[in-house]
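S.K.: pasting a predicted model and its sequence here:
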Amino acid sequence: MNTEFDEIRCYYNHEIHEALERLCNEKQFMKVASTVYPLLPKDVIKERLASYTSIYEFQKGFIIPFLQNIEANLTKGIDLIGLENIDTTKPYLYISNHRDIILDAAFFCAKLIEKGMDTVEIAIGDNLLLFPWIEELVRVNKSFIVKRGLSARQILESSQRLSAYIAYTLNEKQQSIWLAQREGRAKDANDRTQESLLKMLAMYGKADFTTNLSRLNICPLSISYEYDPCDFLKAKEFQQKRDNPDFKKQPQDDLINMETGVMGYKGKVIYTITGDINDELKQLGSEIHNKNELISRIAGLIDRRIHSNYTIFPINKVAYDLLNNTGRFIKEYSMMERLDFERYLEKQIQKIELADKDVDFLKKKLLEMYANPLINYLQAK
């Protein structure tokens, strides 16, 4: 068995039982589990966790029912479309835009299970592993660890190992992966693929750049949330950074974002699988010989795939018109939809607690979050 990746990999099936036993002895985890399943006594929760012998069993029996409850009560429904664009027997590296810390990958896995497919391994930054039991939980739930906050030398070593692990997982384990297109969420919803991500992905191979990438079966995945429950927290952070350039989020802020994202109303949520980019990679590799230009073009290709497959909701069009003081889309939404969205914005701004609250700035940032997917969609089309 390969031990090279033990520090970052998700658990194997034979490790699940002991890992779940350790979690059952963690008071914080059991408190969370009891919150997720309030009608089940703790002894029943522990018995259920002790019965799982594989990651898939744990996900299907413990995680998916919770996600289905969120879908039923906090969304208008979650759709996964575009399966006809892939070969469902092959592993893919799904690179997607990033809205919610926990749910982006979780909902995707839930929909794959509902379609009778295997779930994906999930990349998660170690900045979110605020307690040892959280790392235990995510590794049980098929997540591998991306190291953050490293020195220059450590970044290189970590990137090489991560690149090798991703290639190993796809090509040897024949296991698909979900990976965000950038470090952290795009808080203004202006989704862009980080070129450093592409450089890391290609490190593992000895072939040319585009051949290394094509062996990963990169498949852009477009995620569209009608409402972002964390929008007011993101707007607040924009003002905090504007007023204090040295502002940095605290670990507690990530916890608040995670809880708000999970427990807030999301409206309709749609995942669109866009198909792999292997043909385009081959063409770009033959046409462009400057590596920096090539990387930029590949990032742009992924962005266009994601942008052109957004689902555009009426509130995106309302936000565009309000942001730009125009009536471009006025015939494509009702006055009631516009008034409802304006009331929604007021309600979200009221939630923001700041000493020098700049309401006009905060409203502009909220409008940008909802207008940017439409702006990018129009440009991509």
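M.R.: Structure's in. What do you need?
S.K.: just checking, Arg139 touches Tyr11?
M.R.: Yes - counting by Cβ atoms under 8 Å, Arg139 touches Tyr11, with 4.9 Å between them. Placement of C-beta: from N, CA and C, glycine included.
S.K.: the stretch 1-150 of the chain: strands as residue ranges?
M.R.: 77-81, 93-96, 121-125, 143-146 (DSSP state E, counting those that start in this stretch).
S.K.: wait, which of those is closest to Arg343?
M.R.: Arg343 sits nearest to strand 77-81 of all these, at 22.9 Å, using Cβ to Cβ.
S.K.: show residues contacting the closest one.
M.R.: Residues from elsewhere that reach strand 77-81 (Cβ atoms under 8 Å, 6 or more residues apart in numbering): 71, 107-108, 110-112, 114-115, 268-273.
S.K.: just the buried ones from those residues?
M.R.: Neighbour counting by 16 or more other Cβ atoms under 10 Å classes Glu71, Phe107, Phe108, Ala110, Lys111, Leu112, Val269, Ile270, Tyr271, Thr272, Ile273 among these as buried.
S.K.: tell me which of the strands of the stretch 1-150 of the chain sits most buried.
M.R.: Burial of these is given as mean neighbour count (mean count of other Cβ atoms under 10 Å); strand 93-96 ranks first at a mean of 25.
S.K.: give me the sheet partners of it and which way each runs.
M.R.: Applying DSSP bridges, strand 93-96 is found paired with strand 177-180 (parallel), strand 218-225 (parallel).
S.K.: any idea how far the last one is from the chain center?
M.R.: Its chain's C-alpha centre and that of strand 218-225 lie 9 Å apart, by Cα atoms, centre = their mean, to the nearest Å.
S.K.: so what touches that strand?
M.R.: 85-86, 92-100, 104, 108, 178, 201, 266-278, 281, 302, 305-307, 309-313, 373.
S.K.: helices - which of the residues you listed land there?
M.R.: Per DSSP state H, helices hold the following members of the contacts of strand 218-225: Asp104, Phe108, Leu201, Asn278, Leu281, Ile302, Arg305, Ile306, His307, Pro373.
S.K.: among these, which two are most distant?
M.R.: The widest separation within those (Cβ to Cβ) is 26.2 Å, between Asn278 and Pro373.
S.K.: pick out whichever of these two has more residues nearby.
M.R.: Comparing Asn278 with Pro373 by other Cβ atoms under 10 Å, the one with more neighbours is Pro373, at 26 against 16.
S.K.: quickly list the domain ranges of this structure.
M.R.: 74-237+246-311, 315-380 (automatic domain parsing).
S.K.: so which residues of the stretch 251-381 of the chain form strands?
M.R.: According to DSSP E, counting those that start in this stretch, the strands that the stretch 251-381 of the chain contains are 268-273.
S.K.: what ranges of it fall below the confidence cut-off?
M.R.: Across the stretch 251-381 of the chain, nothing is flagged by pLDDT under 70.
S.K.: for Ala207, which non-adjacent residue is spatially closest?
M.R.: Excluding its sequence neighbours, the residue lying closest to Ala207 (Cβ to Cβ, 6 or more residues apart in numbering) is Arg215, at 7.7 Å.
S.K.: tell me if I'm right that the one you found and Ala167 touch.
M.R.: Yes - with contact defined as Cβ under 8 Å, Arg215 reaches Ala167; the gap is 7.1 Å.
S.K.: need the overlap of contacts for those two.
M.R.: With Cβ under 8 Å, 6+ apart as the test, Arg215 and Ala167 both reach Gly205.
S.K.: I figured Ile315 was touching Lys268, is that so?
M.R.: No - with contacts counted by Cβ under 8 Å, Ile315 stays clear of Lys268, the gap being 10.4 Å.
S.K.: shared neighbours of those two, anything?
M.R.: Shared between the contact lists of Ile315 and Lys268 (criterion: Cβ under 8 Å, 6+ apart) are residues Glu226.
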